[in-house]
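Undergrad: Please find the sequence and the predicted model below.
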Amino acid sequence: MSPGIYPEVQLEDNVYEVVIAAADLAIGRDEINQALGYAGNRSDAYFDQCIDSILPDLGDHITLQAGYKLVDLSRPPGASNGIYVDDTLFMLERVITGLLRKADRAALFLCSIGPELENRSRLLLQEGDPALSYIVNTVASRAVEKATDLLHDHIGQKMQRDGLNITNRYSPGYCNWSVFEQHLLFSLLPDGFCGVQLLESALMIPIKSVSGIIGIGKNVKRVDYSCDRCKIPDCTVRLEKPSGAG
């Protein structure tokens, strides 16, 4: 198996489940400290102890499910915003529309680590341990983002085999893309795909899930995220950037 390529199961036409093991996440203490706001060698001894109590058996508390659907893209005639995904119009803002404008196809993706860690975090808070609850929640957030990184890389490697490139990934709620268009995205995926359900509020259950779109084509590429244009202060992409990054 090539680096970044995982086994796949085809569920129906153009719909694939990707088999990624929780052990492949390889999350370390330093990246959790960075997510907690500690840079370089700075850390808190208590937090380090908490992190070290969580990470060794992290895989036992994750039910990782990931997959994607390949769809066609087209631009509405004369419009600067929005894009047709198959026959469904998504009202994307200029940032995402611009980066997808050269894509012929896209992968609508979904990735989840299951409910156990978020349930554990909630229980710890109820039991009066907000610090450990916060750390467990931070580990869970990092786990689902890292799983999505692996899914993103997998899709890129698979498309590369066909001479195609991919774009960055974008999710409803980011880059001025309305979170309520999550309903449109889910309408194009099989019911219960990757074990995720969508509430009327557009909240995914399990909460530690990520959905979105990745453009595909000969003339597209992955680029640095334009975080200076983003108005979301806790965006995961911005939080993962080292200090001073553009």
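TA: Sure thing, it's come through.
Undergrad: my guess is residue 214 meets residue 153, correct?
TA: No. The pair residue 214 / residue 153 is not scored as a contact, 10.7 Å apart, by Cβ atoms under 8 Å. (C-beta placed from N, C-alpha, C; glycine too.)
Undergrad: longest helix of the protein?
TA: helix 130-161 (DSSP state H).
Undergrad: Past that one, which element shows up next along the chain?
TA: strand 165-170 (DSSP states H and E).
Undergrad: tell me the SS of residue 49?
TA: Assigned with DSSP: H, G, I helix; E, B strand; the rest coil, residue 49 falls in the helix class.
Undergrad: Count the neighbours of it for me.
TA: 11 (other Cβ atoms under 10 Å).
Undergrad: Tell me which other helices or strands the longest helix of the chain touches.
TA: helix 29-36, helix 45-54, strand 65-74, strand 105-112, helix 116-126, strand 165-170, strand 209-217, helix 236-240 (3 or more Cβ pairs under 8 Å, 6 or more residues apart in numbering; DSSP states H and E).
Undergrad: Low-confidence ranges, the chain, go.
TA: Scanning the chain for pLDDT under 70 picks out 1-4, 40-41, 79, 225-246.
Undergrad: Looking at it, name the residue that lies furthest from the middle.
TA: Within the chain, residue 78 marks the point farthest from the mean C-alpha position, 31.0 Å out by Cα atoms, centre = their mean.
Undergrad: ok, back up a step: select, out of the helices and strands packed on helix 130-161, the one closest to residue 179.
TA: For residue 179, the closest of these is strand 209-217, at 10.4 Å, according to Cβ to Cβ.
Undergrad: Sheet partners, orientation included, of that closest one?
TA: Here strand 209-217 has these sheet partners by DSSP bridges: strand 105-112 (antiparallel), strand 165-170 (antiparallel).
Undergrad: and the first one, C-alpha only, in CSV?
TA: What that stands for is strand 105-112. Output in CSV follows, covering the C-alpha atoms of strand 105-112 (Å, rounded to 0.1, in the frame of the first residue of the first chain):
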residue,chain,number,x,y,z
ARG,A,105,-15.4,17.1,-10.2
ALA,A,106,-15.3,17.1,-6.5
ALA,A,107,-15.3,14.7,-3.5
LEU,A,108,-18.0,15.3,-0.9
PHE,A,109,-16.5,13.8,2.2
LEU,A,110,-17.5,12.8,5.7
CYS,A,111,-15.3,11.7,8.6
SER,A,112,-16.2,10.9,12.2
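Undergrad: from the chain's centre, how far out does that strand sit?
TA: Centroid separation for strand 105-112 versus its chain: 9 Å, with Cα atoms, centre = their mean, to the nearest Å.
Undergrad: nearest to residue 187, of the helices and strands packed on helix 130-161?
TA: Closest among the helices and strands packed on helix 130-161, using Cβ to Cβ: strand 105-112, at 10.3 Å.
Undergrad: wait, what's in contact with the closest residue to residue 187 other than its chain neighbours?
TA: Counting by Cβ to Cβ, 6 or more residues apart in numbering, residue 187 lies nearest to residue 88, which is 7.1 Å off, once chain neighbours are set aside. Applying Cβ atoms under 8 Å, 6 or more residues apart in numbering to residue 88 gives the contacts 184, 187, 188.
Undergrad: bridging residues for residue 88?
TA: residue 85.
Undergrad: I'd like the distance between it and residue 184.
TA: 6 Å (Cβ to Cβ, to the nearest Å).
Undergrad: Check residue 210 too.
TA: Counting by Cβ to Cβ - residue 210 and residue 184 are separated by 17 Å.
Undergrad: Which one of the two is surrounded by more residues?
TA: Taking neighbours as other Cβ under 10 Å, residue 210 and residue 184 compare with residue 210 leading, 23 against 16.
Undergrad: That one contacts residue 140, doesn't it?
TA: No. Residue 210 is beyond contact range of residue 140, at 11.8 Å (criterion: Cβ under 8 Å).
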